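**Student:** Need the 3D shape of this:
(one chain, ligands or ions: 1)
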Amino acid sequence: MEKDINNIIEESVKYLKYWNSNKKIPLYKNDFKNYIEPEDNQITIHIENNPDSSEEIYHNDNMENQKIDTIVSDKQELFLENWASCENLTVFENEICKCTKCAIGNTRIKFVFGTGNPESKVVLVGEAPGADEDKEGKPFVGRAGKLLTDILKAINFSRDEVYICNILKCRPPENRNPEPQEISNCIPYLFKQLSLIKPDLILALGSFAAQNLLNLNLSLGKMRGKFYEIIISDKTVKVLVTYHPAALLRNPKWKYDTWEDVKMLRKEYDKISK
Ligand code: SF4
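**Tutor:** Numbering: from 1, shown residues only. Okay, the predicted model is just below:
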């Protein structure tokens, strides 16, 4: 019995470590809430990547029904990455700008974190850097970037007033679509970024941004035209979906719908800014 419980807990911790290191999501005490103490006396967990850390984390000679979260909470730092505690965008960018969690971290020219007003009420989220962005280290600087600047101007925003970033911080070669693992590696950075900016409104540019922000598997046509609400660090943020400017360059007929979308964004911005 003792051996079985040890195995279960050891496997669970390995799984959580794997989950944490691959999806880059910090683990918190609450994740352990439902783990009830075993009936045996002692559990020892060997933490992966650190063979010397055979730690006695649980000893329950006389304790009954104590939850393991009170023990594991002391070990939270084992599951957190340094960037999780960054308190401003500059520190956060410095912390992650050498990231090579995906292969594209080794092929990028420049890391593309994001630009604009770090306290903006409006954040625009695209898909991934292209060739021009990769060279300059800034999002939306090529032809699509110029079109985005014009779209913003048309609704009386300058680029410096809003914040612009992407789901991925590195360029996928040949501008291929982001791979699921790359999104899963990088999106915690985006949510951290958003939790520091604290916007009221997000404009998702293109289906990759929209599907991953909203966790929906719908076509862009079905997602646009209305506001969604997502919670980021306890704050409710409204998300509107529209076409990616690069798609508009290929299909100018979508410009009319985009114009309708961005007018909605401006109207909502004016409403919440009153
Ligand atoms: S895409 Fe994101 S997670 Fe992947 S290497 Fe670049 S910064 Fe790191």
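
**Student:** Please give the element, helix or strand, for residue 204.
**Tutor:** Using DSSP states H and E, residue 204 maps to strand 201-205.

**Student:** helices or strands next to that strand in the packing?
**Tutor:** strand 122-126, helix 207-214, strand 235-242, helix 255-273 (3 or more Cβ pairs under 8 Å, 6 or more residues apart in numbering; DSSP states H and E). Every residue, glycine included, has its C-beta placed from N, CA and C.

**Student:** One more pass at 6 Å, please.
**Tutor:** Judged by 3 or more Cβ pairs under 6 Å, 6 or more residues apart in numbering; DSSP states H and E, the packing partners of strand 201-205 are strand 122-126, strand 235-242.

**Student:** Which of the ones you listed sits closest to residue 271?
**Tutor:** strand 235-242 (10.4 Å; Cβ to Cβ).

**Student:** Can you report how many residues neighbour residue 233?
**Tutor:** 11 (other Cβ atoms under 10 Å).

**Student:** How is the residue nearest to residue 133 when sequence neighbours are not counted assigned, secondary-structure-wise?
**Tutor:** Leaving out its chain neighbours, the residue that sits closest to residue 133 by Cβ to Cβ, 6 or more residues apart in numbering is residue 112, at 5.1 Å. The assignment at residue 112 comes out as coil when based on DSSP: H, G, I helix; E, B strand; the rest coil.

**Student:** Is residue 112 in contact with residue 139, as I believe?
**Tutor:** Yes: with contact defined as Cβ atoms under 6 Å, residue 112 reaches residue 139; the gap is 5.5 Å.

**Student:** The two: which has the busier surroundings?
**Tutor:** Per other Cβ under 10 Å, whichever of residue 112 and residue 139 has more neighbours is residue 139, with 29 against 26.

**Student:** show me what contacts that one?
**Tutor:** 112, 133, 164-166 (Cβ atoms under 6 Å, 6 or more residues apart in numbering).

**Student:** leaving aside the residues next to it on the chain, what's closest to it?
**Tutor:** Per Cβ to Cβ, 6+ apart, closest to residue 139 is residue 164, 5.0 Å.

**Student:** The residue nearest to residue 141 when sequence neighbours are not counted: which element?
**Tutor:** In this structure, residue 141 finds its nearest non-sequential neighbour in residue 132, 5.0 Å apart by Cβ to Cβ, 6+ apart. Per DSSP H and E: residue 132 is located in helix 131-136.

**Student:** For the residue nearest to residue 141, grab the count of nearby residues.
**Tutor:** Counted with other Cβ under 10 Å, residue 132 comes out at 16.

**Student:** separation between it and residue 264?
**Tutor:** 29 Å (Cβ to Cβ, to the nearest Å).

**Student:** Please, where are all the strands along the chain?
**Tutor:** In the chain, the strands defined using DSSP state E lie at 42-46, 54-59, 115-116, 122-126, 163-166, 201-205, 227-232, 235-242.

**Student:** Show me the one of those strands that comes nearest the ligand.
**Tutor:** strand 163-166 (9.2 Å; Cβ to the nearest ligand atom).
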